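A.B. asks: Here's a sequence, model it:
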Amino acid sequence: FNIDVDCFIAEINLTYLFETAVHKIVFQNVPKFPSSEKDIAVIVNDSVTAEDIRGAISKVKSGIIRDFHIFDIYRGDHIEKGAYSVAIRFSLNKMVSTLTDGEIDETMKTIIDVLNKELGAKLR
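C.D. replies: This is a model prediction of the structure:
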């Protein structure tokens, strides 16, 4: 073969791959009660990564946090040099009853406290 570039070949045993794959399907009940979505923006040092933020939030054991994701990052005016703003959206829900304002406020306060303690984050 007259090939002028690096060439590779691989053999994959699909039978073995499919036999050893873990096929665990997990179902969750659909909530009967409405969810609440809350957004916060915090200022963190440039050294803080998205994974650091996810890890800190994952330590909050409130029982009502169903999901969260970072939806905006901002650097610029009104943000000190060496820092940036991160906006995070939370989806909160209880499977057994409707959330109260107090439960939501307590969970959001806990999240902000954990982000401050773990990462030095300040509420924007």
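
A.B. asks: Give me the neighbour count for Ser85.
C.D. replies: 18 (other C-beta atoms under 10 Å). Using the backbone N, CA and C atoms, a C-beta is placed for each residue, glycine as well.

A.B. asks: repeat for Ile57
C.D. replies: Neighbour tally, Ile57, other C-beta under 10 Å: 19.

A.B. asks: Is it in a helix, a strand, or coil?
C.D. replies: Following DSSP: H, G, I helix; E, B strand; the rest coil, Ile57 is assigned to helix.

A.B. asks: Distance of the closest residue to Asp52 other than its chain neighbours relative to Gly63?
C.D. replies: Closest residue to Asp52 apart from its sequence neighbours, by C-beta to C-beta, 6 or more residues apart in numbering: Leu119 at 5.9 Å. Distance, Leu119 to Gly63, by C-beta to C-beta, to the nearest Å: 23 Å.

A.B. asks: Looking at these two, which has the bigger crowd around it?
C.D. replies: Leu119 (20 against 12).

A.B. asks: The more buried one is in contact with Val48, isn't it?
C.D. replies: Yes. Counting by C-beta atoms under 8 Å, Leu119 does reach Val48; the two are 5.1 Å apart.
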